[in-house]
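Undergrad: Turn this into a structure:
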Amino acid sequence: QVQLVESGGGLVQAGGSLRLSCAASGSIFRINAMGWYRQAPGKQRELVAAITSGGNTNYADSVKGRFTISRDNAKNTVYLQMNSLMPEDTAVYYCNQDLTYYSGGYYYTDDYWGQGTQVTVSS
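TA: All right, here's what the predicted structure looks like:
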């Protein structure tokens with residue numbers, strides 16, 4: 001009943017910028033925390049940035065000052081603005097949304113992932 005769709009990845013030169021989007025659709029009652037993770041080849045998935053329902057944000061040390069996470073509650077969408085990109089930012093980026101949805105007369109809270117979008121930064 002719930003689907004996350006990501007967009008905005010691609011190939012960019014070092015120093016460039018990209019903006020990722022992740023929109024949730026379905027019988028959504030409320031979106032709680034939202035976040036972006038990334039996984040580079042041969043590495044574990046890591047948290048890049050997160051934002052709470054109240055707008056508090058948290059960033060990995062490696063992206064502080066370069067990336068900005070934001071959310072549009074009316075559109076059930078989370079964004080990741082990535083500036084000053086570096087080759088080490090190359091990875092598949094996944095959005096995550098902890099949300100409450102309505103189904104069959106009941107409310108459920110669960111964790112959903114986007115399909116992933118490739119970000120490649122060339123040197």
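
Undergrad: Distance-wise, check the residue located most distally from the centre of the chain relative to L18.
TA: Relative to the C-alpha centroid of the chain, counting by CA atoms, centre = their mean, G105 is the outermost residue, at 29.4 Å. As for G105, its distance to L18 is 41 Å (criterion: CB to CB, to the nearest Å). (C-beta placed from N, C-alpha, C; glycine too.)

Undergrad: now the helix or strand hosting N58: mean pLDDT?
TA: Element membership of N58, judged by DSSP states H and E, is strand 57-59. The predicted model assigns strand 57-59 a mean pLDDT of 98.

Undergrad: Now it: buried residues?
TA: Y59 (16 or more other CB atoms under 10 Å).

Undergrad: Quick check: neighbours of that strand in the sheet, parallel or antiparallel?
TA: Each strand paired with strand 57-59, and its direction, by DSSP bridges: strand 46-51 (antiparallel).

Undergrad: Identify all contacting residues around the partner strand.
TA: Counting by CB atoms under 8 Å, 6 or more residues apart in numbering, strand 46-51 makes contact with 33-39, 57-60, 63, 67-71, 78, 80, 93, all of which sit outside it.

Undergrad: Sitting in strands, which of the residues you listed do you find?
TA: For those, membership in strands holds for 33-39, 57-59, 67-71, 78, 80, 93, with DSSP state E as the criterion.

Undergrad: Mark which of those are buried, thanks.
TA: Judged by 16+ other CB under 10 Å, buried ones among the ones in strands among the contacts of strand 46-51: 33-38, 59, 67-69, 71, 78, 80, 93.

Undergrad: Can you tell me which of those residues comes closest to T52?
TA: Of all those, T52 sits closest to A33, with 5.4 Å by CB to CB.

Undergrad: residues contacting Q3?
TA: Counting by CB under 8 Å, 6+ apart, Q3 has contacts 24-26, 112.

Undergrad: With G9 instead?
TA: Shown here is G9, whose contacts under the criterion CB under 8 Å, 6+ apart are 18, 20, 93, 117-119.
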